[in-house]
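1. Quick one, structure for this:
(one chain, ligands or ions: 1)
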Amino acid sequence: MDVLEAIRTRRATREFTEQTPDAAVIASLIEAAAWAPSGINLQPWCFFVVDDRATLGACSTQAKALMLGQAEEHPELAGLRPMLESPIFNIFYNAPILVVICATSADEMAMKDCCLAAENLMLAAHGQGLGSCWIGLSEAWLNTPAAKTRLGVPTGFRPVAPIIIGYPKGPAHGGERRAPDVRHVRREAG
Ligand SMILES: Cc1cc2nc3c(=O)[nH]c(=O)nc-3n(C[C@H](O)[C@H](O)[C@H](O)COP(=O)(O)O)c2cc1C
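-> As a prediction, this is how the structure comes out:
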């Protein structure tokens with residue numbers, strides 16, 4: 001697939017078939033992620049792969065409970081309450097795979113590097129007929145000591161980009177974009 005076509009046609013996928021992608025396919029996506037540029041080529045990332053739906057379901061339950069607890073202090077989460085209270089809502093949409101890209105240092109640049117790796121991963125997934133979606137809703141939980149212990153994430157690592165992956169159940173929806181706001185800077189007079 002042409003790069004521009006891949007960029008334009010990738011969509012967030014929230015419905016997946018029962019099929020679990022092969023480990024070799026996931027390894028190839030992670031390799032693509034690791035080809036992302038990084039500041040001073042430090043490659044400050046580590047990839048944690050959860051490939052078990054039951055584990056992901058349990059993680060979703062814990063993440064929802066944490067967010068519901070936080071909804072008291074964070075009014076912006078109030079609108080999510082009905083969804084978070086629903087026992088059938090899985091924040092990982094019953095995907096077969098979650099890849100959590102973690103920054104291996106607290107450095108701000110490492111976070112940016114992980115975001116670039118995440119986009120590579122999502123585009124590579126799309127190129128292989130897989131769907132993906134970044135699950136920001138899991139970020140608060142992933143950064144708790146309990147979650148880090150559960151996933152084996154060292155204390156000094158920071159979960160940045162949690163990406164679910166699987167085979168899309170149906171055609172992609174949406175994808176509208178505003179025209180980019182571009183402002184050309186003029187040469188200084190004189
Ligand atoms: C940082 C970030 C966090 C996101 N968190 C979630 C999430 O928690 N749940 C979800 O369903 N989609 C999430 N998304 C997916 C966006 O909703 C989606 O990318 C956006 O609506 C644009 O749609 P498209 O990816 O199909 O072009 C997230 C995307 C990004 C980049």
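2. CA atoms only for the helix or strand where Ile26 lies, dumped as CSV, please.
-> Using DSSP states H and E, Ile26 maps to helix 23-33. Provided in CSV are the C-alpha atoms of helix 23-33 (Å, rounded to 0.1, in the frame of the first residue of the first chain):
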residue,chain,number,x,y,z
ALA,A,23,2.9,-13.6,16.9
ALA,A,24,5.1,-13.1,13.8
VAL,A,25,2.7,-10.5,12.5
ILE,A,26,2.8,-8.6,15.8
ALA,A,27,6.6,-8.9,15.8
SER,A,28,6.6,-7.3,12.3
LEU,A,29,4.5,-4.4,13.5
ILE,A,30,6.7,-3.8,16.5
GLU,A,31,9.7,-3.9,14.2
ALA,A,32,8.0,-1.2,12.1
ALA,A,33,7.4,0.8,15.2
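3. Return the list of helices and strands in contact with the helix or strand immediately after that helix in the chain.
-> Remark: after helix 23-33, the chain's next helix or strand is strand 45-50, criterion DSSP H and E. With contacts defined as 3 or more CB pairs under 8 Å, 6 or more residues apart in numbering; DSSP states H and E, strand 45-50 has these neighbours: helix 23-33, strand 97-103, helix 108-127. The C-beta positions use only the backbone N, C-alpha and C, and glycine is treated the same way.
4. What residues does this structure have near the ligand?
-> Residues of the chain found near the ligand (CB under 6 Å from any ligand atom) are Arg11, Ala12, Arg14, Cys133, Trp134, Ile135, Gly136, Leu137, Gly174, Gly175.
5. wait, isn't the fourth one in contact with Arg14?
-> Looking back up the chat, that one is Cys133. Yes - at 5.9 Å, Cys133 counts as touching Arg14 under the criterion of CB atoms under 8 Å.
6. between those two, what contacts are shared?
-> Counting by CB atoms under 8 Å, 6 or more residues apart in numbering, the contacts common to Cys133 and Arg14 are Tyr93.
7. of the two, who's got more company?
-> Legend: neighbour count by other CB atoms under 10 Å for Cys133 and Arg14, higher for Cys133 (20 against 16).
8. that older thread, identify, out of the helices and strands packed on strand 45-50, the most deeply packed stretch.
-> strand 97-103 (a mean of 25; mean count of other CB atoms under 10 Å).
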